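Peer 1: model the structure of this input:
(4 chains)
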Protein chains: 2
Amino acid sequence: MGATKTDHFTDKQNAIATLAKALGHPARIAIIEYLLKVDTCICGDIVNELPLAQPTVSQHLKELKNAGIIKGNIEGNAICYCIDEKVFAKLQSYFTGVETKIEKKKNNCC
Amino acid sequence: MGATKTDHFTDKQNAIATLAKALGHPARIAIIEYLLKVDTCICGDIVNELPLAQPTVSQHLKELKNAGIIKGNIEGNAICYCIDEKVFAKLQSYFTGVETKIEKKKNNCC
DNA sequence: AATCTTTATCGTAATATTGCAATATTAAAC
DNA sequence: GTTTAATATTGCAATATTACGATAAAGATT
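Peer 2: You can find the predicted model right below:
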């Protein structure tokens, strides 16, 4: 096969997995970190920053956009990409929740 | 091609991407959540909990183990899997850092 | 309007992932 | 030692991802 069986899992599980998957590539992590670094959310500079060809970067940007992690505004003939805050808040709260549960558990086996 | 160009990115970027990628599947999120839910970190019940065949679950467990997210102790003829706390602490601190940077930025464009 | 700039899309090759049946492995139980 | 139970591994088919050259699309510039 090769297709993920998303319908057997909860919406929340699928949502977190989708976000994690979108961040599961170093180029996409690099894009996020670049967007965090620059003050103005400039666009096509991303292509110059990354060691990848323009169509490849465009594809990674599309995936981040599909996952809702970034959004793009058309600005003349350029495009201004920036991070969608809500999504990272969601991720942070998810992982904080995991941490809390781990701490409560007092791992007494492994 | 099809192979990720990991050598062009920083170790930290690759490390986060690897963790995110390992969590980028609903079955693996479900495994983590199951391990958080049960008190004793029991093992083969995971197969019964998931809507996937035993070899498939075994493969997902292997990927989580390779990424360092879970670890397994042999316990007789069964195996006790449990979460590696350090990794989630790393993820949480990464996303908290991202959040902090986002808040400092005062998005004035998109 | 012709051209330049910027970004997206198409087409395609290489590789990776997902999923499972069949089989192997390993240790307990008898 | 043979059977049983729990996991892992192998082999394979279907699909997805990664990467890039070529090309298209859309607004800016001349």
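Peer 1: what helices and strands are in contact with the least confident helix or strand in chain A by mean pLDDT?
Peer 2: Ranked by mean pLDDT, DSSP states H and E, the weakest helix or strand in chain A is strand A:70-75, scoring a mean of 88. Strand A:70-75 sits against helix A:26-37, helix A:54-66, strand A:78-83, with contacts defined as 3 or more Cβ pairs under 8 Å, 6 or more residues apart in numbering or on different chains; DSSP states H and E. C-beta: built from backbone N, CA, C; applies to glycine.
Peer 1: quick one: that strand to helix A:54-66, angle?
Peer 2: Taking axes from the mean of the first three to the mean of the last three Cα atoms, to 10 degrees, one finds strand A:70-75 and helix A:54-66 inclined to each other by 110 degrees.
Peer 1: list the buried residues for strand A:70-75?
Peer 2: By neighbour count on 16 or more other Cβ atoms under 10 Å in any protein chain shown, the buried set for strand A:70-75 is A:70, A:72.
Peer 1: does DNA strand C sit close to that strand?
Peer 2: Yes: counting by Cβ under 7 Å from any atom of the strand, DNA strand C has neighbours in strand A:70-75: residue A:72.
Peer 1: output the contacting helices and strands for whatever helix or strand residue A:12 lives in.
Peer 2: Element membership of residue A:12, judged by DSSP states H and E, is helix A:11-22. Judged by 3+ Cβ pairs under 8 Å, 6+ apart, helix A:11-22 is in contact with helix A:54-66, helix A:85-105, helix B:11-22, helix B:26-37.
Peer 1: what about 7 Å?
Peer 2: If contacts are counted by 3 or more Cβ pairs under 7 Å, 6 or more residues apart in numbering or on different chains; DSSP states H and E, helix A:11-22 sits against helix A:85-105, helix B:26-37.
Peer 1: now the element after the shortest one, going C-ward?
Peer 2: This points to helix B:26-37. Using DSSP H and E, the helix or strand that follows helix B:26-37 in sequence is helix B:45-49.
Peer 1: got the contact list for the residue nearest the centre of chain A?
Peer 2: Nearest to the mean C-alpha position of chain A, by Cα atoms, centre = their mean, lies residue A:23 at 4.1 Å. By Cβ atoms under 7 Å, 6 or more residues apart in numbering or on different chains, the residues touching residue A:23 are A:29, B:17, B:20.
Peer 1: then residue A:98?
Peer 2: When contacts are counted by Cβ under 7 Å, 6+ apart, residue A:98 touches B:36, B:88.
Peer 1: correct me, but residue A:61 touches residue A:81?
Peer 2: Yes: shown here, residue A:61 and residue A:81 form a contact pair, counting by Cβ atoms under 7 Å, at 6.3 Å.
Peer 1: flag every residue of chain A that's near DNA strand C.
Peer 2: A:1-5, A:43-44, A:47, A:54-55, A:58-59, A:61-62, A:72, A:77-79.
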